[in-house]
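Participant: got a structure for you, letters missing:
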């Protein structure tokens, strides 16, 4: 393999029809009478696969969810995907599609437009999300009322292109999201790089910000937007031994927790000042941290390439497996990505934790 | 489009509800074509067609030109359709790339020109170097729906009506004789295509249209502008009286059962027959009118019969 | 959605016919060294309607040509917010249709990237600066050298810089360039920085030889520009 | 090409097919996952068509916002090299292409559940790399596949095919040689129904033969629907199996 | 694309630090892998499709026509179609002009191979369809043209070469084809970030580049056209003259590897 570039070629074809060349043995002539093919195949996996226009159920008792439409008692599928029956709700989950926001999702977004008292945020969905001026922390105190001068200097808080993480506060009638950043864990993102994976690979969970080995923190947006950064003081505070940052349970670390609290209160004010919107990175990011971040970015892309769901454990496991490649730049090759994916899955099987 | 015509919700509901109850605003039945009025201008090939409030004018002109290199034995034939804000605010000056305008122009093109309604070989004067170029200019004067149908009648009547100057060819020399010198000659018309447009409405939900078997979709013939604005789909069938389908265009819109589309084609045929007759009739009448003194003015000696 | 009435062909409300100002002083190179290959003269502020303009006339042994540059702006841009001025440059043939439209377009794109690095664009958010260059006259005197557009590029850069300065638009430095042996360099900061390089003929090893020669041209054009701008 | 060879007395066509045979039909989806939300590549005989579906997405301008439903846009790019003889002029803005685009938009407007995606834009780009007759049908099939791949809700498949009429024999799925020699009918059919979304006849056909032609056309589109469905299911099963094993 | 200020700062610092840290860990001279497919258009004389790992994609068709070269002297004709752009858009026109320069006979391409007889030649029509591109596409396009020309086969001439006297059109063998061995130049784009030079810059890297250099490589040497090109709209700056030579040296060092990979694979 060349150190400079890999080129894979194929003659005589438009693309690799991957392993689906086994068909067309059958005659393709058409008779006036319709030959109805068994459409109920594909249940080997136990999941029912349906395609648009297909009858999903004749039972009128179901409530019809996304991906379906109905006529009289019949429910039909409107997308290609798998049938999901939750309680009395019948829906079809498409195999692919854009991110659909849900209330409470922790997402990463990019400012697309600064509007009247609101920002429009690209979150990789069907529509931009809205971030109201009233839904962000304003400089100079967390509980301050927004003023007219704030409206005029919105671009000095967040401007086009800026990245932030936020929570979906509510959904509008048409399915678009309203965001908020009224917590110190949300807001403008700094000190790192952005990467993107299909949103279906991110599992909704309680926590989407993880500190990784090598002094790197990852924010896994539910929408598939990911931010990798150098672990900040705040990040490490969050991961400090339980109780320390929460300051709730007293116990043997009571004294310590008091101290932690006082730190966080002073920082709270500090963070609520202009500091939270400043466009500067931590000046102490070392070259080795940068290299670690690049490696993590490649590891995440490899997991996405193998269509493996992305979790903190898998990122760490893939990161460790990737150490066999001394140069993280070789992880952009397909073979390397595939073997990394296999390594992760094998390691999971060995440990017997299928997630 | 320059301005979209808006139709109020209550009016739209009223029209649709009426259709569901088998009624149309102007009292016509679903299969009833509006009466067609054809009138002629002073010159040959100047025709105005009126259908209700819709008014289309077509004028034929010709000149001598060079044939296309790859078709030396054929004359040229061009149909140009011009819409202007005069016909309605939905049209824009000088911009004929709107969806409806393009479709309308293409259908007339296919119905008349591509189907060979005009004998283009008869337009050849000297093979490869000289031929007649016939041009039909269609102007939309007033729009109340049914442009395609009216234009087609206008173009065909005008072509039948038109007379080009007589010529004599002597080697490479072509002499065009002025109309007052020699009787002009008619164009060769091979068949008369007639367009009939159906508009479809779906009285029920889309689900019923796609999955149901009631086939309850409504099809009306010759919609007015308001009906056109509200319709879910359209079909233009072009036929001639030889029972030939010249062109069919159902460019998307409400899915319709194949059998009911066939039924529509058959309905269109009866209208085709009637309109063809009407056209031939008015041509004959106009010809008689124009030539009523012909026998008197003839320099020939009268013969005993 | 279509609020503008486009049915009538009206010019902008404040349109004025083009007007040329009274004769402006010309800065010509002192004719001290006759062995110089080319003589050049610069003028500024010729077109009253524009915010800034310039005229360059060059004649050498084997080529004579002149070009005019005019600058309109900065003017307000409609639409979404942009944090920097956007520069658009158009190149036009004069009476002779010498260069093809795609070729002119490519040079214009090149010039745009040069001036994106020269104009202090962040000073003019949400604005546009339109620059027009007319290649008014271009004649080959010698049959031998193929008349290519490359040799004109340094003069285009000089012309645009002068017109920008005339328009009072902030620029980081006076940009200009030189042409030698098929290589074009555009410089700023006394030749310490390249803002553009263009080569349409020959191989790569002749580049370093041309660098110094082009830098000399740049310094010469720059001093001429300075004296033009100092004129009242 | 002599007219006689179009359909031999033995019942064989120029390319060896019988009257009711389709051309080779191969398709795959998700071929351009980086560039689009849904994509397909289709070979129907010698027709080769790439379709990219982008969206539903935020419209780039205010005029494209419809508060009730998504706006569907289709642009058809017929490349200059798509025919054996390279065309000198660009096909963009040709009236014939504009007509095709309009017909396609109106076909899919009624079949895609646009009301599910208010205030968005669905942009479809079709690139015809090679054409050999019956292109409209291939465009319809390609778009259907790409829309399904994008996970956009639609009522049913739409499949398209062209049928020619040679004397009294209808010939299914015509190629360009056949298309030049006889009248053809293009159909776009909804799912396994007999409902026609699109019907185009561009040359003379006896009225009393039309029904026959439509019947074989409908049967042909049903077969194409099944072939597309098969490919989609195969893909879906692979993905589901993949997801379960991981 | 529009990056945030902090992203740009982070990237710029990474790309200008020592050693250079690219966001995907590549070495400064390292290219991303590409996939090339050829000979998929039977109605064309040659065809290729090239896909970069970021999904950028380009399709090229080669069609040949016999012309009388005593009448018409343009033997190679390139046309570009960029999906979603008008034919007269600045990007299309600039790219057409640039590629016409790249494929200019006086540069690297040997047009004598298109010569059929004393009177007739093949004229090659190169149609480029750029389906999508994330960064400056010229490199991808030139590689696609290179592969397409590599795969091009033309009918074999059976009539005599000397036809100046005899008035006859060239005739060809019924099915024998001859491989056209025309090696098209490959164009490289080097991104300049501070004092660093990067090959095959990704979209985000282009976004923070101070400038870019287009360098044409043919028959083992860097040739014209060579020129600077802005890789983004906002951060274009001047650069040290030394960088120019450094970038060319870098291309000279690694281009042979790229061509070998492109031709052998």
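Facilitator: Noted; the coordinates are in hand. It should be emphasised that the depicted structure is a prediction, and the values quoted were computed from it without experimental measurement.
Participant: Can you give me the pLDDT of the closest residue to chain B within the stretch 151-265 of chain E?
Facilitator: Nearest to chain B, among the residues of the stretch 151-265 of chain E, is residue E:169, at 19.2 Å (Cβ to the nearest Cβ). No exception for glycine: its C-beta is placed from N, CA and C like everyone else's. Model confidence at residue E:169, given as pLDDT, is 81.
Participant: Write out the residues of chain A neighbouring chain C.
Facilitator: Contact residues (Cβ under 8 Å from any Cβ of the partner chain) of chain A with chain C: A:113, A:114, A:155, A:159, A:160.
Participant: Skipping adjacent residues, who's closest to the first one in space?
Facilitator: Same thing as residue A:113. residue A:120 (4.1 Å; Cβ to Cβ, 6 or more residues apart in numbering or on different chains).
Participant: that older thread, make sure I have this right: the residue of the stretch 151-265 of chain E closest to chain B is in a strand.
Facilitator: No. If the criterion is DSSP: H, G, I helix; E, B strand; the rest coil, then residue E:169 is coil and not within a strand.
Participant: There's contact between it and residue E:120 in this structure, I believe.
Facilitator: Yes. Taking Cβ atoms under 8 Å as the definition, residue E:169 is a contact partner of residue E:120 at 7.4 Å.
Participant: Residues that sit against both of those two, list them.
Facilitator: Common contact partners of residue E:169 and residue E:120 (Cβ atoms under 8 Å, 6 or more residues apart in numbering or on different chains): residue E:66.
Participant: Show the low-confidence segments of chain A, by residue range.
Facilitator: A:1-2, A:15-46, A:140-144, A:240-274, A:352-355 (pLDDT under 70).
Participant: Kindly report the same for the stretch 1-150 of chain B.
Facilitator: B:1-4, B:94-96.
Participant: And the helices in it, which stretches?
Facilitator: For the stretch 1-150 of chain B, helices defined by DSSP state H, counting those that start in this stretch occupy the ranges B:9-20, B:99-108, B:147-161.
Participant: ditto for chain C
Facilitator: C:101-116, C:153-166, C:207-230 (DSSP state H).
Participant: and of those helices, who's closest to residue E:105?
Facilitator: Comparison of the helices of chain C against residue E:105 by Cβ to Cβ identifies helix C:101-116 as nearest, at 16.6 Å.
Participant: Pull out the buried positions in that closest one.
Facilitator: Going by neighbour count (16 or more other Cβ atoms under 10 Å in any protein chain shown), the buried part of helix C:101-116 is C:102-116.
Participant: could you say what helices and strands that helix packs with?
Facilitator: strand C:86-93, strand C:127-140, helix C:153-166, strand C:193-199, helix E:90-102, strand E:221-229 (3 or more Cβ pairs under 8 Å, 6 or more residues apart in numbering or on different chains; DSSP states H and E).
Participant: Dump those to CSV, plus mean pLDDT and distance to chain B.
Facilitator: Formatted as CSV, the helices and strands packed on helix C:101-116 follow (pLDDT from 0 to 100; distance: least, Cβ to the nearest Cβ, whole Å):
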stretch, mean pLDDT, distance to chain B
strand C:86-93, 93, 26
strand C:127-140, 90, 27
helix C:153-166, 95, 36
strand C:193-199, 94, 40
helix E:90-102, 93, 21
strand E:221-229, 91, 35
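Participant: how close does residue B:205 get to residue B:216?
Facilitator: 11 Å (Cβ to Cβ, to the nearest Å).
Participant: And residue A:208, by the same measure?
Facilitator: For residue A:208, the distance to residue B:216 - Cβ to Cβ - is 52 Å.
Participant: Likewise for residue B:191?
Facilitator: 36 Å.
Participant: Looking at those two, which has the bigger crowd around it?
Facilitator: Using other Cβ atoms under 10 Å in any protein chain shown as the criterion, residue B:191 and residue B:216 rank with residue B:191 on top: 18 against 12.
Participant: In TSV: the helices and strands packed on helix C:101-116, plus distance to residue B:29 and mean neighbour count.
Facilitator: Formatted as TSV, the helices and strands packed on helix C:101-116 follow (distance: least, Cβ to Cβ, whole Å; neighbours: other Cβ atoms under 10 Å in any protein chain shown):
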stretch	distance to residue B:29	mean neighbour count
strand C:86-93	61	19
strand C:127-140	61	19
helix C:153-166	73	26
strand C:193-199	75	26
helix E:90-102	55	22
strand E:221-229	69	23
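Participant: Chain A: which of these is closest?
Facilitator: Closest approach to chain A among the helices and strands packed on helix C:101-116 (Cβ to the nearest Cβ): strand C:86-93, 14.4 Å.
Participant: Tell me what angle that closest one forms with strand C:127-140.
Facilitator: 20 degrees (axes from the mean of the first three to the mean of the last three Cα atoms, to 10 degrees).
Participant: does residue A:146 sit in a helix, a strand or a coil?
Facilitator: Per three-state DSSP, residue A:146 ends up coil.
Participant: Apologies, that question was intended for residue A:234.
Facilitator: Of the three states, residue A:234 takes helix under three-state DSSP.
Participant: Please name the spatially closest residue to it (chain neighbours excluded).
Facilitator: Residue nearest to residue A:234 in three dimensions, not counting chain neighbours: residue A:184, with 7.1 Å by Cβ to Cβ, 6+ apart.
Participant: what kind of secondary structure is residue D:232 in?
Facilitator: helix.
Participant: That one and chain A: what is the separation?
Facilitator: From residue D:232 across to chain A, the span is 5 Å (Cβ to the nearest Cβ, to the nearest Å).
Participant: Name the residues that touch the strand or helix carrying residue D:77?
Facilitator: Assigned by DSSP states H and E, residue D:77 falls within strand D:71-78. For strand D:71-78, the external contacting residues (Cβ under 8 Å, 6+ apart) are D:59, D:64-65, D:91-92, D:97, D:100-101, D:104-105, D:108-109, D:112, D:114, D:120-128, D:131, D:135, D:139, D:143, E:81, E:83-84, E:129.
Participant: Could you rerun that using 6 Å?
Facilitator: Residues from elsewhere that reach strand D:71-78 (Cβ atoms under 6 Å, 6 or more residues apart in numbering or on different chains): D:64, D:91, D:97, D:100-101, D:104-105, D:108-109, D:121-128.
Participant: and if you look at stretch A:298-313?
Facilitator: Looking at what lies outside stretch A:298-313 - Cβ under 6 Å, 6+ apart - the contacts are A:195, A:197, A:201-203, A:210, A:318-319, A:322, A:328, A:331, A:337, A:340-341, D:242, D:246, E:24-25.
Participant: Cross these against strands and list the overlap.
Facilitator: A:195, A:210 (DSSP state E).
Participant: Around chain E, which positions in chain C sit nearby?
Facilitator: Taking Cβ under 6 Å from any Cβ of the partner chain as the contact definition, chain C meets chain E at C:102-103, C:105-106, C:109, C:113, C:116-117, C:188, C:193-204, C:211.
Participant: got the helices of the stretch 1-150 of chain B as TSV, with distance to residue D:166 columns?
Facilitator: Formatted as TSV, those follow (distance: least, Cβ to Cβ, whole Å):
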stretch	distance to residue D:166
helix B:9-20	41
helix B:99-108	25
helix B:147-161	28
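Participant: Could you single out the most deeply buried of these?
Facilitator: Across the helices of the stretch 1-150 of chain B, averaging neighbours per residue (mean count of other Cβ atoms under 10 Å in any protein chain shown) puts helix B:147-161 on top, at a mean of 27.
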